[in-house]
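Novice: Make a model of this:
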Amino acid sequence: MVGTKILPRSTPILAIILVAVIGAYAHVTVRPRESVAGISENYTMRVPTERAVPTVRVEIEFPPGAEISSLAEKPGWKVEPKRDVSGKIVGAVWSGSSIPPRQVVEFGFVARNPAEETKLVWKVVQIYEDGSRSEWTGEQGSRTPASVTTVKKAPAESGTRR
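Specialist: Next up is the predicted model:
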């Protein structure tokens, strides 16, 4: 009898925890979260649609330290690189298709990491069919955090090999 009284009281609490956990993972993320200085890395931008209307456009601003060498094609999507006056790719826009509600699409790109340890901040704007926007450009811990990759020095090789 005691167990049946606890469950109804705890159900709202469990629902709140579940919504908070799902909400924490519902923003745009770039993977990997950690990488090595000076290497070319295959990055994946994961874009979920958490609203009731489809995502129809995704805009990313690349961190100044990352040198983008290629943007992966995605069937149905058009990818347009954004360049600065020197021709360096500083951003990209994917458009021409949609990500339905509660679905996720991944977009890929290759970047050479900076030679020094740093944090790469990937600022993304997600635009929905109704014209509304989610700007994933905030500080970590905010409601709209930008995704961050920590770039570390390569581990020192030991003198002994096995």
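
Novice: can you give me the strands in this protein?
Specialist: 29-31, 34-36, 40-48, 55-61, 67-71, 78-83, 89-99, 104-112, 118-128, 133-136, 147-152 (DSSP state E).

Novice: For the last one, name the packing helices and strands.
Specialist: The helices and strands touching strand 147-152, judged by 3 or more C-beta pairs under 8 Å, 6 or more residues apart in numbering; DSSP states H and E, are strand 29-31, strand 34-36, strand 118-128. Where C-beta positions appear, they are placed from N, C-alpha and C, glycine not excepted.

Novice: need those in TSV with distance to residue 43 and mean neighbour count, can you?
Specialist: Shown next, in TSV, are these (distance: least, C-beta to C-beta, whole Å; neighbours: other C-beta atoms under 10 Å):
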stretch	distance to residue 43	mean neighbour count
strand 29-31	6	20
strand 34-36	8	15
strand 118-128	8	19
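
Novice: so can I have JSON lines of the ones you listed showing mean pLDDT and distance to residue 47?
Specialist: Below are those laid out as JSON lines (pLDDT from 0 to 100; distance: least, C-beta to C-beta, whole Å):
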{"stretch": "strand 29-31", "mean pLDDT": "98", "distance to residue 47": "9"}
{"stretch": "strand 34-36", "mean pLDDT": "98", "distance to residue 47": "20"}
{"stretch": "strand 118-128", "mean pLDDT": "98", "distance to residue 47": "6"}
